[in-house]
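Chemist: Any chance you could fold what I've pasted below:
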Amino acid sequence: MPQKVRIALDAMGGDVGASVVIPGAAISLIRHPDTEFLLFGDRAVIDAQLAKYPSLKAVSSVSHTDVAVSMHDKPSQALRRGRKTSSMWLAIDAVKKGEADVAVSAGNTGALVAMARFCLRMLPGIDRPALAAIYPTIRGDSVVLDLGATIGGDARHLVALAVMGSAMASVVLNLERPSVGLLNIGVEEMKGHEEIREAAELLREMSLPQLNYTGFVEGDGIGRGDADVIVTEGFSGNIALKTAEGTFRQFSAVLRDSISRHWLARIGYLLSFQAFRALREKLDPRRANGSVLLGLNGIVVKSHGGTDADGFAYAVDVGYEMARYDLLNKINQMLNREGGGLVPSPPTPESVS
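Modeler: Prediction:
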């Protein structure tokens, strides 16, 4: 366990770059004072922001580059233009060189996946990375993956996701044997695509000691918290995540509109203010910001590109937790103990954004 957690930040990543990244890092530093930051990007822009946060400046180093990956670049374009020169690449490379324990970026998802995979390489037995995030549920929190790192996946890939998701759940949820469910269109064994049914059979047969496979989970079971770890391939996972975020924003907008229509509703809101605040804090998408790119020989965290400073701070918090509690070592241990028979799958289409 490191004495200090060293976090490399792609300061130019996201919709607005350093004006969110630097304030977000400052917020996270208050919560985790044993953090040091390596900032990569345009020095003039970064220094202007750092001047507002003396405490952050005191624990940060800045490496200049004027190359930044666009939010619209395709992964292949990002690799051609930004390999070894962009703020995104340099943050990831700092992890590879051992200069940082984790890299955090709000940049282009496809580019981040491609660069991280190219720079850090995959862990033995894993053929491609997966995005995993903490998802708020009725009974607490769950780990959900893959949220869009790649599209599709055979049964072996889904089993690998189950193993890696369980390792993450053991770290962030402090669970000795997390329950694992496969996202499906029904809970009956005959439902779903062939690869999902085959993955279910494999998980039952393998009877892995560090995870408890509990069966299929339907879409509404994610919010209920039917399992500690929900496994799906990236296409379905990305849709599920963005549907949930959109539903929360829709609910909030309808509620605000309803309250503003009548004075009795406003009085009712004031009387129930504490309950509404607890609901907002529980379901606020910013609090679930920060997806971990699992399967790499290093830790990389993806923040939403359009988040604000508070949201980015939560992504930095996730990176801190993953490094402080040695996620990579836990995944390696579980793969060596439980995933030695995993066979890499054929190449798949590039990531979604």
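Chemist: For the stretch 201-350 of the chain, which residues score under the pLDDT cut-off?
Modeler: Low-confidence segments of the stretch 201-350 of the chain, defined by pLDDT under 70: 273, 276, 279-286, 337-350.
Chemist: With just CA atoms, put the helix or strand hosting Gly319 into CSV.
Modeler: In the assignment (DSSP states H and E), Gly319 maps to helix 309-324. Extracted as CSV, the C-alpha positions of helix 309-324 are listed here (Å, rounded to 0.1, in the frame of the first residue of the first chain):
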residue,chain,number,x,y,z
ALA,A,309,-16.0,19.9,-10.7
ASP,A,310,-18.0,18.0,-8.0
GLY,A,311,-18.6,15.2,-10.4
PHE,A,312,-14.9,15.0,-11.5
ALA,A,313,-13.9,15.0,-7.8
TYR,A,314,-15.9,11.8,-7.4
ALA,A,315,-14.0,10.2,-10.3
VAL,A,316,-10.7,11.2,-8.6
ASP,A,317,-12.1,9.7,-5.4
VAL,A,318,-12.7,6.4,-7.2
GLY,A,319,-9.1,6.4,-8.5
TYR,A,320,-7.9,7.0,-5.0
GLU,A,321,-9.8,4.1,-3.6
MET,A,322,-8.7,1.7,-6.3
ALA,A,323,-5.1,2.6,-5.8
ARG,A,324,-5.2,2.8,-2.0
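Chemist: Check which helices and strands that helix sits against.
Modeler: Using 3 or more CB pairs under 8 Å, 6 or more residues apart in numbering; DSSP states H and E, the elements in contact with helix 309-324 are strand 5-10, helix 18-31, strand 102-105, helix 155-172, strand 291-294, strand 300-302. Every C-beta, even on glycine, is put in place using the N, C-alpha and C of the backbone.
Chemist: Let's have those in TSV, adding distance to Trp89.
Modeler: TSV is the format used below for the helices and strands packed on helix 309-324 (distance: least, CB to CB, whole Å):
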stretch	distance to Trp89
strand 5-10	9
helix 18-31	16
strand 102-105	10
helix 155-172	24
strand 291-294	14
strand 300-302	12
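Chemist: Can you check which of the ones you listed gets nearest to Arg197?
Modeler: With distances scored as CB to CB, the stretch of these nearest to Arg197 is helix 155-172 (8.3 Å).
Chemist: Which SSE is immediately downstream of that closest one?
Modeler: Trace forward from helix 155-172 with DSSP H and E and the next one is strand 179-183.
Chemist: any idea of the mean pLDDT in that next one?
Modeler: The average of the pLDDT scores along strand 179-183 is 95.
Chemist: Give me the angle between it and helix 155-172.
Modeler: 140 degrees (axes from the mean of the first three to the mean of the last three CA atoms, to 10 degrees).
Chemist: before we move on, the earlier item: packed most tightly, which of the helices and strands packed on helix 309-324 would that be?
Modeler: Of all the helices and strands packed on helix 309-324, strand 102-105 has the most neighbours on average by mean count of other CB atoms under 10 Å, namely a mean of 30.
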